[in-house]
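[1] Return a 3D structure for these sequence lines:
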Amino acid sequence: MEEKTQNEWAAREIGALWKKEGQNQKYLSGKLKLPESLGGGECGVVVFTNRHKNQDNHPDFRVYLDSKSVSTDEETAKVDSTEQVAEGIL
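    This next block holds a predicted model:
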């Protein structure tokens, strides 16, 4: 029965996150598997604590596309600059 439960969880998995430590704060970084209805493939994400949470109905965390996952004509920004955007610095 335990193997069946593990297989059910494996079938429902949509990605994985790792703990990271940036210059300004700790965050999570990982990949999400996109469903076929959204084109399939994987999408890199970063998750930051919501430092602007003032009320209970505000989210505890904010999820962003990893800057490496967003295609731009300019050089890809590093995670530290993504942190600054998340903090409202940039």
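[2] who are the neighbours in contact with residue 29?
    By Cβ atoms under 8 Å, 6 or more residues apart in numbering, the contact set of residue 29 is 17-18, 20, 44-47, 66, 79. Quick note: C-beta positions are derived from backbone N, CA and C, even for glycine.
[3] which helix in this structure runs the most residues?
    Among the segments of the chain that qualify as a helix by DSSP state H, the longest is helix 2-12.
[4] immediately after that one, which helix or strand?
    strand 15-21 (DSSP states H and E).
[5] Sheet partners, orientation included, of the helix or strand following that following strand?
    Later in the chain than strand 15-21, the nearest helix or strand by DSSP H and E is strand 26-33. Strand 26-33 pairs in its sheet with strand 15-21 (antiparallel), strand 42-49 (antiparallel), by DSSP bridges.
[6] how about the longest helix of the chain as PDB, C-alpha atoms only?
    Presented in PDB, the C-alpha positions along helix 2-12 are these (Å, rounded to 0.1, in the frame of the first residue of the first chain):
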ATOM      1  CA  GLU A   2       2.900   2.400   0.700                       C
ATOM      2  CA  GLU A   3       4.200   1.900  -2.800                       C
ATOM      3  CA  LYS A   4       0.800   2.800  -4.200                       C
ATOM      4  CA  THR A   5       0.700   6.000  -2.100                       C
ATOM      5  CA  GLN A   6       4.200   7.000  -3.300                       C
ATOM      6  CA  ASN A   7       3.200   6.400  -7.000                       C
ATOM      7  CA  GLU A   8       0.100   8.600  -6.500                       C
ATOM      8  CA  TRP A   9       2.300  11.400  -5.100                       C
ATOM      9  CA  ALA A  10       4.800  11.000  -7.900                       C
ATOM     10  CA  ALA A  11       2.000  11.300 -10.500                       C
ATOM     11  CA  ARG A  12       0.800  14.500  -8.900                       C
END
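[7] Pull the distance from it to the chain's centre.
    24 Å (Cα atoms, centre = their mean, to the nearest Å).
[8] Could you do stretch 31-51 as well?
    6 Å.
[9] Pull up the distance across that stretch, start to finish.
    Stretch 31-51 has an end-to-end distance of 23 Å (Cα to Cα, to the nearest Å).
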